[in-house]
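In: give me a model of this one.
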Amino acid sequence: MLVGAVTTLIAVVGVFLSYNANLGLPFVPTYQINAELPSGSNLVRGNEVRIAGVRVGIIKSVKPEQLEDGRAIANLDLALDKSVQPIPEDSTLIVRQRSAIGLKYLLLTPGKSDEGLKPGGTIPLKQARPESVDQDDFFNMFQKPVRESIQHDLAEYGGMFAARGESINEILGQLPPLLELAEPVARNLSSEKTDLDGFIRGLSQAAAEVAPVADQQAEMFVALDTTFTALANVARPYIQESITEGHRTQLVTQTEAPRIRPFLYAQARFMKAFLPGAQALGASAPVVNSSFDVGIPVLRSSPALYDQLAPTARSLRRFGESTTVNAGLDTLIETNGILKPLLSHVAPAQSVCNYLALVLRNVADLTSTTSPGGNLVRSTAVFPPVNKLVADEFGGPTTNSEGGPASAPASNPGSISNLHYNPYPNTAAPGQSPFECEAGNQTYAAGQLSIGNVPGNQGTITEDQSAKQLKWGGNG
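Out: Okay, here's the model as predicted:
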């Protein structure tokens, strides 16, 4: 009975110690300190405290505490082994995951301070490191439908990889050269100039934009399935060869792209400058279209002209190489120098005043208009009386008329037969003032002797010019 009682007592003590082992063995001295954490989530009494992965103590208690600014933190009581006493004052804390089912432990990282933390001391909140993302936190962010879909995907992936070990080994054998080629690509993607972050944001925005048309996209994928089914008939060797040659094409593009980059920049500047012209072209497109309709028959007859252009060009070249031609051109230049002063005075008589056309018209009228006595120029030659005292239609005396020789100019006061003569009228030539077409436009000064240009500016519009002035807005 005594042996049985002792055995029972030992078994009870063993069970008690085993049950309380996680909270520390009794009668074992410990190093008691406190610690502050931003959150005590998933930490419970009895969780281990480790240094470099070695268990050095346990968490005796986890209590909430409110700071003066209203924030709530977790205050931990730690029971550490005497072997780690004292730990440096600048030691840091972080909560880490111990197992896949959510068990945690407190990782204590000793600092470099020469001052040790006394028993009962506290590791302040500022020395607590941010809580890492644990596996259970990662999986908790998925809702139940997502988790079920992930399970379905994993099952399908498992079926996909089943019995394909040899192919997977071949893929793994091809990965090293692929990774060598992927290194410069990854370097470009990580460059700030690439703006991969902006690209991802753009994809996110694009996905948000197409979300309302998800049904239409589903129909598109169904149509794509039909298309790819049709392409399967030409996948080999045609599409396969295009993929094989595509690698070489990309290598050539990679080599040549820096060379054509200036051309692309110049083309971009050209297109920017061409934009106003393109907008104007849209408005003038009907006119351009009609010009094409007219130009097609002309272009069809152009080959005959082109056949004559070559001999014509050869003739012109021989003409230009001839010394006599050069001498003739020199003579023409001299002639032009001689005629230029004359033409500068004579040309305005026609280009401004239209006198040559008026003279030819008047000559034609005089020789074509007839009367019973013959042509108008012969039958209407009537002159005033010569050297006789007569009475004109105003009743005044008239002598020395303009009809023949006289001893003096006709200048009797009150007579309409006074001399009017302008041997050098203004014809809008350089140096003449005023700038006018005097001949044919001057007024008749009745009862006055008038020799030369009459006073005033008669303008530059002559007969038959008024209609042209209205049509063209100038002296035609």
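
In: please make it C-alpha for all contacts and neighbour counts, starting now.
Out: Noted.

In: and the closest residue to Y355 other than its chain neighbours, what is it in contact with?
Out: Leaving out its chain neighbours, the residue that sits closest to Y355 by CA to CA, 6 or more residues apart in numbering is A349, at 5.8 Å. Listed by CA atoms under 8 Å, 6 or more residues apart in numbering, the contact set of A349 reads Y355, L356, T427, A428, A429, C437.

In: among those, which lie within helices?
Out: Y355, L356 (DSSP state H).

In: for N326, give me its contacts.
Out: G320.

In: now the closest residue to L125 other than its chain neighbours: how far from G53?
Out: Leaving aside its sequence neighbours, L125 sits nearest to E36 (CA to CA, 6+ apart; 4.8 Å). According to CA to CA, to the nearest Å, E36 and G53 sit 21 Å apart.

In: more neighbours, these two?
Out: E36 (23 against 11; other CA atoms under 10 Å).

In: does the more buried one touch T122 like I think?
Out: Yes. Here E36 reaches T122: they are 7.4 Å apart, a contact under CA atoms under 8 Å.

In: where exactly do the strands run in the chain?
Out: 31-37, 48-51, 54-66, 72-80, 92-97, 104-109, 122-123, 370-371, 374-375, 390-391, 397-398, 420-421, 450-451 (DSSP state E).

In: tell me which of the ones you listed sits nearest to A5.
Out: strand 54-66 (33.8 Å; CA to CA).

In: what helices and strands are in contact with the closest one?
Out: On a contact count with 3 or more CA pairs under 8 Å, 6 or more residues apart in numbering; DSSP states H and E, strand 54-66 meets strand 48-51, strand 72-80.

In: any chance of these in CSV, plus distance to S190 and mean neighbour count?
Out: Listed next are the helices and strands packed on strand 54-66 as CSV, based on distance: least, CA to CA, whole Å; neighbours: other CA atoms under 10 Å:
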stretch, distance to S190, mean neighbour count
strand 48-51, 37, 20
strand 72-80, 39, 21
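
In: determine the longest helix present in this structure.
Out: From DSSP H, the single longest helix across the chain is helix 240-321.

In: tell me how far it lies from the chain's centre.
Out: Centre-to-centre, helix 240-321 and its host chain are 22 Å apart (CA atoms, centre = their mean, to the nearest Å).

In: and stretch 235-249, by the same measure?
Out: 34 Å.

In: and if you look at stretch 47-56?
Out: Centre to centre, stretch against its chain (CA atoms, centre = their mean), the figure for stretch 47-56 is 62 Å.

In: just the CA coordinates of that stretch, formatted as CSV?
Out: The C-alpha coordinates for stretch 47-56 follow below in CSV (Å, rounded to 0.1, in the frame of the first residue of the first chain):
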residue,chain,number,x,y,z
ASN,A,47,3.5,31.5,-26.0
GLU,A,48,7.2,31.1,-26.3
VAL,A,49,9.8,33.8,-26.3
ARG,A,50,12.8,32.9,-28.6
ILE,A,51,16.2,34.4,-29.3
ALA,A,52,17.7,33.2,-32.7
GLY,A,53,15.1,30.4,-32.7
VAL,A,54,16.0,29.1,-29.2
ARG,A,55,13.3,29.1,-26.5
VAL,A,56,14.5,31.4,-23.7
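
In: contacts for that stretch, please.
Out: So stretch 47-56 is contacted by 22, 57-59, 78, 80-81, 84, 104-110 (CA under 8 Å, 6+ apart).

In: and with 10 Å instead?
Out: 22-23, 57-61, 78-84, 93, 95-96, 98, 103-110 (CA atoms under 10 Å, 6 or more residues apart in numbering).

In: quick one: average pLDDT of stretch 252-263?
Out: The pLDDT scores in stretch 252-263 average 85.
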